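> Sequence below, structure please.
(chains A, B, C and D)
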2 protein chains.
Amino acid sequence: MLSKRSQYALKALSYLTEKYKEGPVLISEIARKKKIPLKFLENILLELKLIGILDSKKGKGGGYFLIKPPSKVRVADIIRKVNGPIAMLPCVSLYFYERCKNCDEKHCALHDIMIEVRDATLNILEKRTLVDLAAMP
Amino acid sequence: MLSKRSQYALKALSYLTEKYKEGPVLISEIARKKKIPLKFLENILLELKLIGILDSKKGKGGGYFLIKPPSKVRVADIIRKVNGPIAMLPCVSLYFYERCKNCDEKHCALHDIMIEVRDATLNILEKRTLVDLAAMP
DNA sequence: CACTACCCTACCAACCGGGTAGAGTTGCTT
DNA sequence: AAGCAACTCTACCCGGTTGGTAGGGTAGTG
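Modelled structure (predicted):
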């Protein structure tokens, strides 16, 4: 499961994508519309800014906004940065790889299965961007 | 990512599958061979017994053993019982479903993407059993 | 009797999912 | 130019869970 933090981050980003052309959006507006605890969201948006996905403007008329066009931001990358590895095991992660101490990867059946799962997942998440998240009928 | 607990559980079960015909296996043997902290493993095996995957025998010649043929135990079910939901969001989980407070599932693009991911994952994990975990060359 | 699973307590460090207070920056108004 | 309101930003605190380490006691079985 994605952490609450990651779930909220995705929800917030999808809202910011909808409002992409309308300039800065208030934290409080996002919190209200997406039903996210205000102070927690504040913290999450700050992280997304440090990561380089969002930027913010202080003072009246301020708020948060996407720094890049939504079509350039992949869902897989957001999840990796906010939640961590997408793979189920460290020894099959592409971006967070760690060697397995208790098995030989060449002869580990668990390893093979989890690589399959990882590839199937990435095949979906790396093709999707924020644009796909905001596609509302 | 799977929790350490789940990773250890899978490793332990794959070892018990290899030794399926040889009777009870000592906790200490599993811990040594799979490099799992002994006391932590003790706790994990106990849970697997309560869940109904293992049984144990005390005294000399005792230990833990599989209660069912390895071919009857699906990897997906082990993960669900030890780790929890396989899906990335509660609102797309089959066995741990929770309604989404901040979106309408019929019009939520995130929801749709995560259902795709879930199905791709389950398509692999529900076909695999312990037999596949122990397949060593 | 020795062996082994079982069960309990206590401790620790780090992270998660929040809550609360207040300081700092900016823009608008007067 | 001053002041206020609208905002972000920073910091600290809480209870619970994760992933251990360590130790000891109990009970069933060959």
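
> drop to CA atoms for contacts and neighbour counts, all remaining ones
Will do.

> check contacts around the closest residue to residue A:95 other than its chain neighbours.
Nearest residue to residue A:95, sequence neighbours excluded (CA to CA, 6 or more residues apart in numbering or on different chains): residue A:85, at 7.0 Å. With contact set as CA atoms under 8 Å, 6 or more residues apart in numbering or on different chains, residue A:85 has these partners: A:79, A:93, A:95, A:96, B:1.

> Using CSV, write out every CA atom in stretch A:12-26.
Extracted in CSV, the C-alpha atoms of stretch A:12-26 (Å, rounded to 0.1, in the frame of the first residue of the first chain):
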residue,chain,number,x,y,z
ALA,A,12,-3.2,17.1,-4.3
LEU,A,13,-1.2,17.0,-7.5
SER,A,14,-4.3,15.9,-9.5
TYR,A,15,-6.1,18.9,-8.1
LEU,A,16,-3.2,21.2,-9.0
THR,A,17,-3.2,19.8,-12.5
GLU,A,18,-6.9,20.7,-12.9
LYS,A,19,-6.1,24.2,-11.9
TYR,A,20,-2.8,24.4,-13.8
LYS,A,21,-3.7,27.5,-15.8
GLU,A,22,-5.3,29.4,-13.0
GLY,A,23,-2.1,30.3,-11.1
PRO,A,24,-1.3,29.6,-7.4
VAL,A,25,-3.8,27.5,-5.4
LEU,A,26,-4.2,27.9,-1.7
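
> how about the helices in chain A?
Taking DSSP state H as the test, the helices found in chain A are A:4-18, A:27-34, A:38-51, A:75-83, A:109-125, A:130-133.

> packing partners for the shortest one?
Contacting helix A:130-133 under the criterion 3 or more CA pairs under 8 Å, 6 or more residues apart in numbering or on different chains; DSSP states H and E are the following elements: helix A:4-18, helix B:109-125.

> most tightly surrounded among the ones you listed?
helix A:4-18 (a mean of 20; mean count of other CA atoms under 10 Å in any protein chain shown).

> Just want the angle from that one to helix A:27-34.
Orientation check (axes from the mean of the first three to the mean of the last three CA atoms, to 10 degrees): helix A:4-18 against helix A:27-34 gives 100 degrees.

> Is helix A:4-18 in proximity to DNA strand D?
No - Helix A:4-18 is not in contact with DNA strand D by CA under 7 Å from any atom of the strand; minimum separation 11.7 Å.

> nearest spatial neighbour of the residue nearest in space to the middle of chain A, skipping sequence neighbours?
The centre of chain A sits closest to residue A:78, judged by CA atoms, centre = their mean, with a distance of 2.7 Å. Once flanking residues are discounted, residue A:78 sits nearest to residue A:10: 7.9 Å by CA to CA, 6+ apart.

> residues making contact with stretch A:26-41?
Contact partners of stretch A:26-41, identified using CA under 8 Å, 6+ apart, comprise A:8, A:9, A:11, A:12, A:15, A:42, A:62, A:63, A:64, B:101, B:102, B:103.

> Any chance of a markdown table for those, columns pLDDT and distance to residue A:127?
As requested, those are exported to a markdown table (pLDDT from 0 to 100; distance: CA to CA, whole Å):
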| residue | pLDDT | distance to residue A:127 |
| --- | --- | --- |
| A:8 | 93 | 21 |
| A:9 | 94 | 19 |
| A:11 | 93 | 18 |
| A:12 | 93 | 20 |
| A:15 | 92 | 20 |
| A:42 | 90 | 28 |
| A:62 | 87 | 32 |
| A:63 | 90 | 29 |
| A:64 | 94 | 25 |
| B:101 | 78 | 27 |
| B:102 | 73 | 25 |
| B:103 | 77 | 23 |
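
> Nearest to DNA strand D among these?
Of all the contacts of stretch A:26-41, DNA strand D sits closest to residue A:63, with 3.1 Å by CA to the nearest atom of the strand.

> so the closest one sits right up against residue A:19, yeah?
No - the pair residue A:63 / residue A:19 is not scored as a contact, 11.7 Å apart, by CA atoms under 8 Å.

> so what sits against both of these two?
Counting by CA under 8 Å, 6+ apart, the residues touching both residue A:63 and residue A:19 are residue A:25.

> Run through chain A and note the low-pLDDT ranges.
Low-confidence segments of chain A (pLDDT under 70): A:135-137.

> tell me the domain boundaries of it?
Domains of chain A are assigned by automatic domain parsing as A:4-66, A:70-133.
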